[in-house]
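[1] can you look at this prediction? I've put the sequence above it.
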Amino acid sequence: MYVTARVRMFISAHPSCFSLFSQENKKLSEPLTRALREVEKLRHELANYQKDKMSLQNAKSRLHVLETQLRDLTWEHEVRYKCIHLFI
């Protein structure tokens, strides 16, 4: 790691401050690591959510088409059934 001369002078002049900064940095590095992992996990979940949302939209569209076909076929069946029984 590159440390400038000014930083080295500060460290040598204020070792207790550097020690406090170092301790604080160590204390905060773990929560930062956890937060970064959480962000990555949430980004992954968001990507999955978008895929699931698209799949659901496609499934709803297909359901609508199938329901329309069923309604049309049911009507056609009723008409043919009535025509057959009308001539019997």
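    Perfect, thanks for sending it.
[2] okay, buried residues for stretch 60-77 please.
    Neighbour-count burial for stretch 60-77, with 16 or more other CB atoms under 10 Å as criterion, is recorded at no position. (C-beta placed from N, C-alpha, C; glycine too.)
[3] gap between that stretch and the chain center?
    The chain centroid and the centroid of stretch 60-77 are separated by 33 Å under CA atoms, centre = their mean, to the nearest Å.
[4] same question for stretch 41-61.
    What separates the centre of stretch 41-61 from the centre of its chain is 7 Å, taken as CA atoms, centre = their mean.
[5] and for stretch 81-88?
    Chain-centre distance of stretch 81-88: 57 Å, with CA atoms, centre = their mean.
[6] what is the mean pLDDT for it?
    Stretch 81-88 shows a mean pLDDT of 81 in the predicted model.
[7] and for stretch 16-23?
    If you average the per-residue pLDDT over stretch 16-23, you get 79.
[8] can you pull out the residues in contact with it?
    Stretch 16-23 is contacted from outside by Phe10, Ile11, using CB atoms under 8 Å, 6 or more residues apart in numbering.
[9] identify the residues contacting Phe10.
    Contacts of Phe10 were listed using CB under 8 Å, 6+ apart, and they are Cys17, Phe18.
[10] does it lie in a helix or a strand, and which?
    With secondary structure defined by DSSP states H and E, Phe10 is part of helix 5-13.
[11] find the centremost residue of the chain, please.
    Within the chain, the residue whose C-alpha comes closest to the C-alpha centroid is Leu46; the distance, by CA atoms, centre = their mean, is 1.2 Å.
[12] do you know how far it is from Glu76?
    Relative to Glu76, Leu46 is positioned 45 Å away (criterion: CB to CB, to the nearest Å).
[13] quick revisit: any idea how far the helix holding Phe10 is from the chain center?
    The mean C-alpha position of helix 5-13 is separated from the chain mean by 46 Å, CA atoms, centre = their mean.
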